[in-house]
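[1] Here's my sequence, what's the structure:
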Amino acid sequence: MKINTDKNPYWTICLSCHGQGKIMRGPSRKRRRLFENELHEYEISSDASVAPKPPTANMDVCPLCVGSGLQSAEKAVPVDFKKYPNVAIIGGGIGGVALAVACLHRGIPFTLYERDESFSSRSQGYGLTLQQASKAVEGLGIFSLEGGLTSTRHVVYNPEGKIIGEWGLRKWGKTFLEQTSRRKNVHIARQTFRSLLLQQLGNSEPLRWGHKLTKLSSNQNGTVDLTFQVGEKQENAQADLVVGADGIRSVVRELLIGEQKSPLQYLGCIVVLGICPLKALGDTASLYLIRLRCFKQ
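    From the prediction side, this is the model:
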């Protein structure tokens, strides 16, 4: 089945696999025949061996959604306040937006709070390498990673510039044309991927920019009160469930656990990532740069 991948379609979970991307199938004919033969040998044998176990069902890719767990819809899934809890997502990074998209597809009520005033108000220039993540991003309604680069070689250095590990197709001397149909790693700028996720939300009312969480407390009725600093004023909100997706210096974590009980620990590692055209390197010679050849399809 070909999935509709028009720009900004509406999505809902697949009715066949219930959003899992896989369905339970019975054992294959070959496996059933093998079990019957083993059982027959056991029944006629005088040896007191352990009886063979019946074959179990297998998980297989759902043919209706081709493993994505989603189906295109004519309109947005209606929000079901009676069936699901109202979720407050703190942090509009990749994790927070991905959760919001998953809630949107399932009709789960949510509000996404981000302290930044807008998408581009703060520089976020590092990238992500998605390791065989095509099925995961398809489950978020993204079937084409525009702006992503196929990763053919990765090199890891120690602080002295010595290579301590490398992997990828080019390590084995394969050109772009020699790549197999196996899933490949894709490197993509963080903001580019974040933008693709935000496009799934569209002009979603539950997306609140410029909301910095300052306080949260539980109520006797099981809900949570939240207080946000919005410009020069404060705003209050309430939710049934709060998810902290606000990064390594999480405000939610600090309010619930506290820095003294569980302080952050620097591991002595630093990561430097970047994307640039090969011609921009010129004749630059550095232990930290590897000149790559371009391969055309």
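[2] which stretches of the stretch 51-200 of the chain have low pLDDT?
    124-125, 132-133, 151-152, 169-184 (pLDDT under 70).
[3] Repeat the analysis, applying 80 as the threshold.
    122-135, 146-161, 166-187 (pLDDT under 80).
[4] residue boundaries of the helices in it?
    With DSSP state H, counting those that start in this stretch, the ranges of helices along the stretch 51-200 of the chain come out as 94-106, 134-138, 190-201.
[5] Quick one: closest of those helices to residue 26.
    Closest approach to residue 26 among the helices of the stretch 51-200 of the chain is made by helix 134-138 (23.2 Å; CB to CB). In this view, the C-beta of every residue, glycine as well, is placed from N, C-alpha and C.
[6] re earlier: let's have the helices of the stretch 51-200 of the chain in a markdown table, adding distance to residue 24.
    Below are those laid out as a markdown table (distance: least, CB to CB, whole Å):
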| stretch | distance to residue 24 |
| --- | --- |
| helix 94-106 | 21 |
| helix 134-138 | 18 |
| helix 190-201 | 28 |
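[7] now residue 37, what's its secondary structure?
    Following DSSP: H, G, I helix; E, B strand; the rest coil, we place residue 37 in the helix state.
[8] now, of the helices of the stretch 51-200 of the chain, which is deepest in the fold?
    Mean neighbour count (mean count of other CB atoms under 10 Å) peaks for helix 94-106 among the helices of the stretch 51-200 of the chain, with a mean of 21.
[9] What is that one packed up against?
    Secondary-structure packing of helix 94-106 (3 or more CB pairs under 8 Å, 6 or more residues apart in numbering; DSSP states H and E): strand 10-13, strand 87-90, strand 110-113, helix 190-201.
[10] Contacts only, for residue 95.
    For residue 95, the contacting residues are residue 245, by CB atoms under 8 Å, 6 or more residues apart in numbering.
[11] now with 10 Å?
    Residues in contact with residue 95 (CB atoms under 10 Å, 6 or more residues apart in numbering) are 89, 197, 243-247.
[12] can you tell me which two in those are farthest apart?
    Farthest-apart pair in the contacts of residue 95 is 197 and 244; separation 18.0 Å (CB to CB).
[13] so is residue 243 in a helix, a strand, or just coil?
    Three-state call for residue 243 (three-state DSSP): strand.
[14] and the gap between the closest residue to it other than its chain neighbours and residue 79?
    Nearest non-adjacent residue to residue 243, counting by CB to CB, 6 or more residues apart in numbering: residue 89, 5.0 Å away. Distance from residue 89 to residue 79, counting by CB to CB, to the nearest Å: 14 Å.
[15] any idea how this protein splits into domains?
    Domain segmentation of the chain under automatic domain parsing yields 22-61, 76-256.
[16] out of those, deepest packed?
    domain 76-256 (a mean of 16).
[17] Out of the helices of the stretch 51-200 of the chain, which gets nearest to residue 120?
    Closest approach to residue 120 among the helices of the stretch 51-200 of the chain (CB to CB): helix 190-201, 7.8 Å.
[18] and the closest one, what other elements does it pack with?
    When contacts are defined as 3 or more CB pairs under 10 Å, 6 or more residues apart in numbering; DSSP states H and E, helix 190-201 sits against helix 94-106, strand 110-113, strand 127-130, helix 134-138, strand 186-189.
[19] Thank you, goodbye.
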